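Student: dropping a prediction and its sequence here:
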Amino acid sequence: MAPRTRAKADTALPQTLPTREQILAFVAESKERVGKREIAKAFGVKGGAAKIELKAILKEIEGEGALERGRGGLAEAGRLPPVVLADIRSRDRHGDFLAVPVEWTGEGKPPSIVLMPVRGGRGAKRPAPGIGDRALIRVERDAEGGYSGRIVKVIGKNKAEIIGVYRAGAQGGRIVPVEKKGQGKEILIPPGEEGEARDGDLVSVTFERETRFGLPKGRVKERLGSLGSEKAVSLIALHIHGIPHVFADATLAEADAVKAATLKGREDWRDRPLLTIDPPDAKDHDDAVMAEPDEDPANAGGFVVTVAIADVAAYVRPGTSLDREALERGNSVYFPDRVVPMLPERISNDLCSLREGEDRPALAVRMVIAADGTKRKHTFHRVMMRSAAKLSYAQAQAAIDGHGDEKTGPLLDKALKPLWAAYAALRTARDRRGPLALDLPERKVLLTPEGGVDRVIVPQRLDAHRLIEEFMIQANVAAAETLEAAKHPLIYRVHDEPAVEKVRALGEVLASVGIKLPKEGALRPDLFNRILRSVAETEHAVFINEVVLRSQAQAVYASENLGHFGLNLRRYAHFTSPIRRYADLIVHRALISACRLGSGGLSPDVSAGDLAAIGESISATERRAMAAERETIDRLIAGHLADRVGATFAGQISGVTRAGLFIKLDETGADGFVPISQLGADYFRHEEGRHALVGERTGETFRLGDRVEVRLVEAAPVAGALRFELLSEGRKRGGGGTSKAPGRPFKAAPPGRPSGIRNTGTRHRGSRR
């Protein structure tokens, strides 16, 4: 690629852009990932037109596969990012630990990372890492392309342990592993090695030396609890994923010793009609809202919107046991049968819960909104507030719809109607902005008093939900804008644009249903929204929504701003839930420092590097929580359906792999597996780009999103696995499918499949955006 030249406007001299080779050399020599800004600065690229062409060059190189985009920008393809989550697997011949990244998108086997020993300093006081641990590692690349690293933090328990259910026998016992990948390979526990375990207990087991023949042998390390007890299902996920769920004595002691905040140093907002609007079963209330018409003549028809958030930073100070444990947990975890909070109940459900009629400290943002929904300005305040009322979403919506009650009646004109009027303006601005508008229903699992599944519902989506969500988004944007303007370090919530290869794969899928994906122009949410609107109310609607979702990047926390593609925002941070997200607590501390709002701010010693490491850590704990929540629901549903083996169900193909099909049931939203051997006598080829299995001889096709009928053959509650027999034929060339006779019995389901149910049972207010 020869150097490109672009003439600047007016009398400026022509500007030479870097070549492909120069860009690749610059990226390869950089220790950190780099973005367009760094590349432009390095090569002296200035002016909007030249930067647009530079972006096109970068896209071209990325499309070739020479560069890949990740958190923090671009890097040489197949190169590890500066900070990785990795598992410590073994030692090298020098005795140094070797780690392997948990996530690897490059070709071939993932690279090994040689861990440098800790030699004195603060790190020497940390617990020593061991084989099987999962750790956050800062890596460097040597001249030969190898990697070395230093441990930032050990965040996972020893993975050499297996979690399983103990089954007692006459000659010792056996362990039935709870993880799907362990299914079918039981572990023998010799007599005397069962410890305190009793039949049916959930235990952790360490392996002894495996023999060439027979079952592997193990020893019960710890009895974790009984599967017959309440909340047993979520107990499995807690231990598999190493989620801390018991607070240390020092943490509880600190929480109990905390004294309630006073009015000193705060604005008195206790007479303002701030309301909490939450699910009816919410135990903590961390945000309150109000709106009023703006009396400023210069903002005719505008509003003043206030969002007040519990002032967690007033109680959880840096360096305390409360703070250390909050960082370790990263976020609260929500199961249908329990909540594992980030902070002890003394903080989360008492001192920081904005209870009706009680004085509570808050960090509030006051936003001036124009009649067209544009935010004109905003300010942050540290206040003492008193919630005027605690309402549920349905209760607030009913009042607006003309069905108020004794509580909402007096609030209708002075509080609720102004809220809805302000939301109408903000909704207009949201529609102009055009965030990604996926239409995928979220299901909620309702339990019986005994802890079993009662039913699975799709909760109604009300304007009350949308109002609170939009107010929270606006507050989050205001927080990011304030900290950027103050040049203060922060943790962003970033959602990168889809990777080039995923967009290309999406284009192939769309082409299979006659939809053309534009190849030119900037990649924006509206492009996807136009596609989604074109298939709304058609047979392809669910299928296309699913594949568009799968084409998107995962939102993460980072110290560098990449914008939020899904929300179509240039800057975004999480500010509104510090009770349950550590990222929000960091943003609160940063705002306190930047706005000079008193004590409890972010220490000036905290560097951008420290925040980058925190961002990596809490992104990992968020993914851990999502996996644990999903697997717990899988286990609950499998237990719920265990007595319906042989029943038939309607569903939809929710995943396609070379091993078979995943089917999402209409009735419960649960996913199960149909092995490829069950699909008939034809040889089926996996066409990844089309998300389909296609018969070589007949052309019979099973594609993501196709409607099918299945028979339940087996339900494994402990593993959370459902196995089906397919009763429907696939698509013929140019046709649809029909019912057919039962096929052969299936074999085993592979691990790792998409979930059909999201755990929406407790406060998630856009937490995964």
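Tutor: Good, I have the coordinates.

Student: now find how far off-centre stretch 546-555 is within its chain.
Tutor: Centroid displacement of stretch 546-555 relative to its chain, using C-alpha atoms, centre = their mean, to the nearest Å, is 12 Å.

Student: do the same with stretch 655-672
Tutor: Taking C-alpha atoms, centre = their mean, one finds stretch 655-672 lying 21 Å from the centre of the chain it belongs to.

Student: kindly report the same for stretch 470-481.
Tutor: The answer for stretch 470-481 is 19 Å, by C-alpha atoms, centre = their mean.

Student: swap in stretch 197-204?
Tutor: In terms of C-alpha atoms, centre = their mean, the gap separating the centre of stretch 197-204 from the centre of its chain is 32 Å.

Student: stretch 343-358 too?
Tutor: 25 Å.

Student: what is the mean pLDDT for that stretch?
Tutor: Averaged over stretch 343-358, pLDDT sits at 96.

Student: would you mind listing the buried residues in it?
Tutor: 343-355 (16 or more other C-beta atoms under 10 Å). (Glycine included, C-beta is placed from N, CA and C.)

Student: residue 50 reaches residue 17, doesn't it?
Tutor: Yes - the pair residue 50 / residue 17 is scored as a contact, 6.6 Å apart, by C-beta atoms under 8 Å.

Student: burial count for residue 144?
Tutor: Neighbour count of residue 144, defined by other C-beta atoms under 10 Å: 5.

Student: got a pLDDT number for it?
Tutor: 75.

Student: number the residues from 37 up from this point.
Tutor: Let's use 37 as the start, then, which means that last one is residue 180.

Student: and it, how far from residue 396?
Tutor: Distance, residue 180 to residue 396, by C-beta to C-beta, to the nearest Å: 58 Å.

Student: how are the helices of the stretch 637-786 of the chain distributed by residue range?
Tutor: Assigned by DSSP state H, counting those that start in this stretch, the stretch 637-786 of the chain shows helices spanning 644-677.

Student: for residue 366, what are phi and psi?
Tutor: Dihedral pair for residue 366: phi 80, psi -40, per degrees, to the nearest 10.

Student: shouldn't it be in contact with residue 657?
Tutor: Yes - the pair residue 366 / residue 657 is scored as a contact, 2.8 Å apart, by C-beta under 8 Å.

Student: who has more neighbours out of the two?
Tutor: When residue 366 is set against residue 657 and neighbours are counted by other C-beta under 10 Å, the residue ahead is residue 366, at 26 against 23.

Student: contacts only, for that one.
Tutor: For residue 366, the contact set (C-beta atoms under 8 Å, 6 or more residues apart in numbering) comprises 378, 617-618, 653-654, 656-658, 660-661.

Student: export those as TSV, with columns for distance to residue 743.
Tutor: Listed next are the contacts of residue 366 as TSV, based on distance: C-beta to C-beta, whole Å:
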residue	distance to residue 743
378	41
617	38
618	42
653	42
654	39
656	37
657	37
658	33
660	34
661	32
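
Student: biggest separation within the residues you listed, which pair?
Tutor: Using C-beta to C-beta, the two most remote members of the contacts of residue 366 are 378 and 656, lying 14.6 Å apart.
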